[in-house]
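Undergrad: this is a predicted model, with the sequence first.
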Amino acid sequence: MRLKEENAYKNEVEKENGGRVRLKEECRCKGEVEKENERVTSQRLYSTMVSGAYQQKLVVGYALTSKKVKSFLQPKLEGLARNKGILFVAIDLHRPLSDQGPFDIVLHKLTGKEWRLILEDYGQRHPEVTVLDPPDAIQHVYNRQSMLQDVADLNLSDCYGKVGVPRQLVIKNDPLSIPDAVTRAGLTLPLVAKPLVVDGSAKSHELSLAYDQLSLSMLEPPLVLQEFVNHGGVLFKVFIVGETIKVVRRFSLPDVSKRELLNNAGVFQFPRVSTAAASADDADLDPGIAELPPRPLLEKLARELRRRLGLHLFNIDMIREHGTRDRFYVIDINYFPGYGKMPGYEHIFTDFLLGLVQSKQKRCPANNS
Ligand SMILES: O=P(O)(O)O[C@H]1[C@H](O)[C@@H](OP(=O)(O)O)[C@H](OP(=O)(O)O)[C@@H](OP(=O)(O)O)[C@H]1O
Ligand SMILES: Nc1ncnc2c1ncn2[C@@H]1O[C@H](COP(=O)(O)OP(=O)(O)O)[C@@H](O)[C@H]1O
Ligand SMILES: [Mg+2]
Ligand SMILES: [Mg+2]
């Protein structure tokens with residue numbers, strides 16, 4: 001393509017943006033955000049040249065950690081999004097949110113009260129923008145007690161199986177009180193000790209397995225003590241993106257036998273298991289352990305949790321009690337999990353974003369542009 005035509009395309013793209021990519025001129029610091037957005041604009045220009053009749057449908061502002069940008073915003077996702085008319089724009093945290101955009105959707109996963117307040121204020125001033133997801137709904141799953149409450153309340157049981165949560169106890173302070181509290185609550189050893197609050201830090205994922213009651217006083221509250229459920233060393237990561245569900249298998253902690261429990265004492269910190277590197281999808285597993293939870297059960301669970309939690313983007317860590325076919329436990333819920341490892345996430349995510357805006361336009365036709 002000749003230079004003159006290229007410039008004409010560039011002008012067209014910038015005009016079409018209607019100031020959407022104004023970040024470029026306005027950025028106070030010529031930092032990462034600016035570079036990132038310049039890259040996105042030039043990629044979009046390229047796609048315009050290649051595909052001809054290109055129509056931008058929506059702008060997604062994102063506020064994510066650099067780790068999440070790397071795992072989620074992969075070139076394949078950005079490329080596919082571009083072809084479908086979706087533009088991802090990095091939000092500059094050093095500038096007022098209302099001065100940026102305009103956005104159709106704000107996608108975010110940042111912790112901290114300040115960010116929460118910014119988003120809440122923005123949501124009130126810009127009801128036309130979809131904030132994915134509402135900060136208070138996310139906050140609810142950043143606490144390991146409240147995250148499982150909705151699963152317990154749901155008490156899901158049908159012909160496909162039963163879904164519950166392991167019995168658990170919250171310890172807010174005084175580690176010396178733990179052994180007695182555990183006896184009073186009637187919890188059975190071994191117990192998994194988990195930091196009460198999940199805040200994205202490595203520390204909030206430092207979990208321990210406690211084999212005896214007395215050693216429990218060595219733990220550091222605030223924490224959740226959860227009964228360990230033998231599940232054959234395999235966990236199901238159930239990814240949810242709006243109405244879509246995808247399940248993968250991951251390796252998990254091995255079963256603890258009665259003999260092991262009798263012969264062991266103490267509290268043992270264990271490393272992060274069940275991460276992306278621990279995929280068990282291609283492993284040669286006992287079919288009774290590997291069989292995925294029944295689809296209708298997952299659909300019901302996901303639908304109910306989406307409604308009760310008020311979230312579109314989350315995952316459920318689920319295990320099957322070893323020796324049973326249909327007894328499941330939810331042990332963890334994560335907001336905006338590692339979608340980069342969800343098969344086909346590029347198509348699923350982009351379709352989801354388009355669907356969101358379409359359904360909003362149907363509900364409020366006045367907003368149609
Ligand atoms: O709490 P658990 O059950 O471990 O789930 C984690 C968190 O969702 C992580 O997200 P975050 O770091 O935002 O909390 C995510 O990392 P990324 O999305 O950043 O990669 C991990 O993805 P995998 O490493 O793919 O499993 C996922 O396994
Ligand atoms: N109640 C439990 N019974 C058996 N294994 C568990 C239980 N809770 C956690 N685990 C194991 O510990 C891992 C991490 O626990 P999880 O609650 O998912 O914390 P995180 O948020 O750090 O992923 C799980 O992937 C699973 O292998
Ligand atoms: Mg987990
Ligand atoms: Mg988690």
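TA: Here it is on my side, so go on. Ligands and ions are numbered 1, 2, ... in the order given.
Undergrad: give the helix, strand or coil label for Phe239.
TA: strand (DSSP: H, G, I helix; E, B strand; the rest coil).
Undergrad: what about Val273, neighbour count?
TA: When neighbours are counted by other Cβ atoms under 10 Å, Val273 registers 15. Where C-beta positions appear, they are placed from N, C-alpha and C, glycine not excepted.
Undergrad: I figured it hits Phe251, correct?
TA: Yes: at 6.7 Å, Val273 counts as touching Phe251 under the criterion of Cβ atoms under 8 Å.
Undergrad: next, count neighbours for Pro195.
TA: 20.
Undergrad: quick check: phi and psi at it.
TA: phi -50, psi 140 (degrees, to the nearest 10).
Undergrad: and it, what does it touch?
TA: 144, 203-207, 222-224 (Cβ atoms under 8 Å, 6 or more residues apart in numbering).
Undergrad: up against ligand 3, what does this protein have?
TA: 317, 332 (Cβ under 5 Å from the ion).
Undergrad: ramachandran angles for Ile105?
TA: Torsion angles, degrees, to the nearest 10, at Ile105: phi -140, psi 140.
Undergrad: which other helices and strands does the host helix or strand of Arg308 contact?
TA: Per DSSP states H and E, Arg308 falls inside helix 295-309. Where contact means 3 or more Cβ pairs under 8 Å, 6 or more residues apart in numbering; DSSP states H and E, helix 295-309 is packed against helix 146-154, strand 156-158, strand 161-164, strand 234-241, strand 244-251, strand 313-320, strand 327-335.
Undergrad: if you set the cut-off to 10 Å instead, what comes out?
TA: Helices and strands touching helix 295-309, by 3 or more Cβ pairs under 10 Å, 6 or more residues apart in numbering; DSSP states H and E, are helix 135-140, helix 146-154, strand 156-158, strand 161-164, strand 234-241, strand 244-251, strand 313-320, strand 327-335.
Undergrad: what's the pLDDT at Val151?
TA: With respect to pLDDT, Val151 has a value of 98.
Undergrad: possible to save the helices and strands packed on helix 295-309 as CSV with distance to ligand 2 and mean neighbour count?
TA: Below are those laid out as CSV (distance: least, Cβ to the nearest ligand atom, whole Å; neighbours: other Cβ atoms under 10 Å):
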stretch, distance to ligand 2, mean neighbour count
helix 135-140, 14, 17
helix 146-154, 9, 18
strand 156-158, 17, 15
strand 161-164, 11, 19
strand 234-241, 5, 23
strand 244-251, 7, 18
strand 313-320, 4, 23
strand 327-335, 3, 22
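Undergrad: quick one: buried residues of the helix holding Arg308?
TA: 297-298, 300-302, 304-306, 309 (16 or more other Cβ atoms under 10 Å).
Undergrad: out of everything not next to it in sequence, what's closest to the residue of the stretch 151-300 of the chain found nearest ligand 3?
TA: In the stretch 151-300 of the chain, the residue that lies nearest ligand 3 is Ser274 (5.9 Å; Cβ to the ion). Excluding the flanking residues, the one nearest Ser274 by Cβ to Cβ, 6 or more residues apart in numbering is Arg250, at 4.2 Å.
Undergrad: quick one: contacts for the one you found?
TA: 233-237, 273-281, 317, 341 (Cβ atoms under 10 Å, 6 or more residues apart in numbering).
Undergrad: and of those, the nearest to Leu353?
TA: Nearest to Leu353 out of those is Lys341 (Cβ to Cβ; 19.3 Å).
Undergrad: isn't that closest one right up against Ala277?
TA: Yes: look at Lys341 against Ala277 with Cβ atoms under 10 Å: they come within range, at 9.4 Å.
Undergrad: ok, the two, which is more surrounded?
TA: Legend: neighbour count by other Cβ under 10 Å for Lys341 and Ala277, higher for Lys341 (17 against 10).
Undergrad: how about that one, what does it touch?
TA: 71, 237, 239, 246, 248, 250, 275-277, 279.
Undergrad: redo that, cut-off 6 Å
TA: Ala276 (Cβ atoms under 6 Å, 6 or more residues apart in numbering).
Undergrad: count of neighbours near the residue of the chain found nearest ligand 1?
TA: Nearest residue of the chain to ligand 1, counting by Cβ to the nearest ligand atom: Gly338, 2.3 Å away. A count of nearby residues for Gly338, using other Cβ under 10 Å, gives 17.
Undergrad: so Tyr142 makes contact with Val198?
TA: Yes: Tyr142 is within contact range of Val198, at 5.1 Å (criterion: Cβ atoms under 6 Å).
Undergrad: among the helices and strands packed on helix 295-309, which is nearest Ser177?
TA: Among the helices and strands packed on helix 295-309, helix 146-154 sits nearest to Ser177 (Cβ to Cβ), with 21.8 Å.
Undergrad: which helices and strands sit right next to that closest one?
TA: Applying 3 or more Cβ pairs under 6 Å, 6 or more residues apart in numbering; DSSP states H and E, one finds that helix 146-154 contacts helix 295-309.
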